[in-house]
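S.K.: return atomic coordinates for the entry below.
(4 chains)
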Number of protein chains: 2
Amino acid sequence: MQNGPDELSLVFQALADPTRREILSRLRGGPTTVGELAEPFAMSRPAISQHLKVLERAGLIERTATAQWRTCTLRTEPLDEASAWVERHRGEWNARFDLLDERLRELKGQTDA
Amino acid sequence: MQNGPDELSLVFQALADPTRREILSRLRGGPTTVGELAEPFAMSRPAISQHLKVLERAGLIERTATAQWRTCTLRTEPLDEASAWVERHRGEWNARFDLLDERLRELKGQTDA
DNA sequence: CAATTAATTAAGGAGTTGCTTACATGCAGA
DNA sequence: TCTGCATGTAAGCAACTCCTTAATTAATTG
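M.R.: Got it, this is the predicted structure:
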């Protein structure tokens, strides 16, 4: 009965594995069954199941059962807090706008100069 | 001779601990010695030393020795990649690039539609 | 009902993490 | 040089991670 880690730690920990990141990336294409999800990995089904459990615990996916298939859906809300933390420590909301400026200047340059 | 985890995994893993996140937050106030850094934590010095090693391995801090003090400095570069990953999966990159496209189209004035 | 398919749970093992206490190192000043 | 302060390394331990294979649950179909 130990009280587990905080939410943010769970999210970062979930992201700290290439397989799990790849799973999340693949889920951007839309809800997917565990079988389809597991297909490209050189890893047993149970291993994937366990990765999904970690992602679920972090709130990054939702699993719904239809017949014998479990459909996994991406939930991005937990990433908001993670994003906020990282951006706060980068202190660079600006970088994005710098990029925008750069692209705009680039484009202008074609006509101006 | 095992090849360790990739950089991004190291960064997320480093962030997956509240003590380490707190250390990074404190370092935003400027370079700090290990002793000052350890002071607010209910944890032995070696424990802090080990957390610092994890942060250093992820490239998130730099340690320089001056006399008998080790000064820790925040390095935010590794957060760029982490940020990019998270933003890409929040779907916000898309929103921003949509905005960018819009602005570019506006500026060009001559593209299709 | 039995066989097949999809996925999870169970058990176990090698390696890692996060802490501890004890010891070592390295610099500074009396 | 001896003393003390700042820090790191070593060794040990409980808990957790990431994988495995074998057994289990649950729904579909013959």
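S.K.: A:P5: how many residues sit nearby?
M.R.: Other residues near A:P5 come to 16 when the count uses other CB atoms under 10 Å in any protein chain shown. Quick note: C-beta positions are derived from backbone N, CA and C, even for glycine.
S.K.: and the most centrally placed residue in chain A, how far from A:A84?
M.R.: Note on chain A: the residue nearest the mean C-alpha position is A:L24, at 4.9 Å, using CA atoms, centre = their mean. The gap separating A:L24 from A:A84 is 18 Å, by CB to CB, to the nearest Å.
S.K.: next one: A:R70
M.R.: Taking CB to CB, one finds A:R70 at 31 Å from A:A84.
S.K.: these two: which is more packed in?
M.R.: A:R70 (16 against 12).
S.K.: from DNA strand C, how far out is that one?
M.R.: A:R70 sits at a distance of 4 Å from DNA strand C (criterion: CB to the nearest atom of the strand, to the nearest Å).
S.K.: doesn't that residue belong to a strand?
M.R.: Yes. Counting by DSSP: H, G, I helix; E, B strand; the rest coil, A:R70 falls inside a strand.
S.K.: beta partners of it?
M.R.: Note on A:R70: beta-bridge partners A:A65, judged by DSSP bridges.
S.K.: that one touches A:E56, doesn't it?
M.R.: No. Under the criterion of CB atoms under 8 Å, A:R70 makes no contact with A:E56, lying 10.5 Å away.
S.K.: give me the common contacts of these two.
M.R.: Common contact partners of A:R70 and A:E56 (CB atoms under 8 Å, 6 or more residues apart in numbering or on different chains): A:R63.
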